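**Q** Okay, sequence plus prediction incoming.
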Amino acid sequence: MTRLLVAGSISLAGLLTLSLAEAQQPADDPRFTGISTVLDGKDLSAARRSFAPGARSAWHSHVNGQLLFAEKGHGRTQKRGLAMRELAPGDSDYTGPNVVHWHGAVPNEEFIQINVGFGGETKWMEKTTDDEYGGKVRK
């Protein structure tokens, strides 16, 4: 019975959302085909951060994930257990919820990133070692 009540509530909320979305966008809107609605961005955060050559973050994770954009210079990022990835201007990298990772500049160049957070806390861990930063160790 509880499952039916929950499923019914979710279905009703979905229908209500669709009807509100249609009311927000006129059918003859020349900018879109189909339903496209601006969503609330209250949990989003965006910031720019500069890393001096060789600078990097400690290992960390974000409860709801993070999106990085490389604005200037070249950077590095690594998700725990995976190979390191280099970022050039215009590149992006998405790290999912609770995925442990680090990011920073390459050894000989400043790096500027734009990071977009999706709310929730950041959990900080140990510093990224020189061997990890150099790509010699996958942790």
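**A** Noted; the coordinates are in hand.

**Q** what about the helices in the protein?
**A** Counting by DSSP state H, residue ranges of the helices within the chain are 2-24, 130-133.

**Q** can you tell me which of those helices the model trusts least?
**A** The minimum mean pLDDT among those belongs to helix 2-24 (a mean of 45).

**Q** Give the buried residues for stretch 94-101.
**A** Neighbour-count burial for stretch 94-101 flags T95, V99, V100, H101 (criterion: 16 or more other C-beta atoms under 10 Å). From N, CA and C alone the C-beta is placed, and that goes for glycine too.

**Q** Switch the residues you listed over to a markdown table, and while doing so, append distance to G81 and pLDDT to every line.
**A** Putting these into a markdown table (distance: C-beta to C-beta, whole Å; pLDDT from 0 to 100) gives the following:
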| residue | distance to G81 | pLDDT |
| --- | --- | --- |
| T95 | 13 | 98 |
| V99 | 10 | 98 |
| V100 | 9 | 98 |
| H101 | 10 | 98 |
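
**Q** Mind picking the two most distant members of these?
**A** T95 and V100 (8.9 Å; C-beta to C-beta).

**Q** Now list whatever residues contact both of the two.
**A** Overlap of the contact sets of T95 and V100 (by C-beta atoms under 8 Å, 6 or more residues apart in numbering) consists of S61, K79.

**Q** just to revisit the earlier point, in JSON lines, list the buried residues of stretch 94-101 along with distance to R80.
**A** Listed next are the buried residues of stretch 94-101 as JSON lines, based on distance: C-beta to C-beta, whole Å:
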{"residue": "T95", "distance to R80": "10"}
{"residue": "V99", "distance to R80": "7"}
{"residue": "V100", "distance to R80": "4"}
{"residue": "H101", "distance to R80": "7"}
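
**Q** between those, which is closest to I35?
**A** Proximity of the buried residues of stretch 94-101 to I35 was ranked by C-beta to C-beta; the top entry is T95 with 29.5 Å.

**Q** ok, that closest one - contacts?
**A** Per C-beta under 8 Å, 6+ apart, neighbours of T95: S61, H62, G65, Q66, L67, L68, T77, K79, H101.
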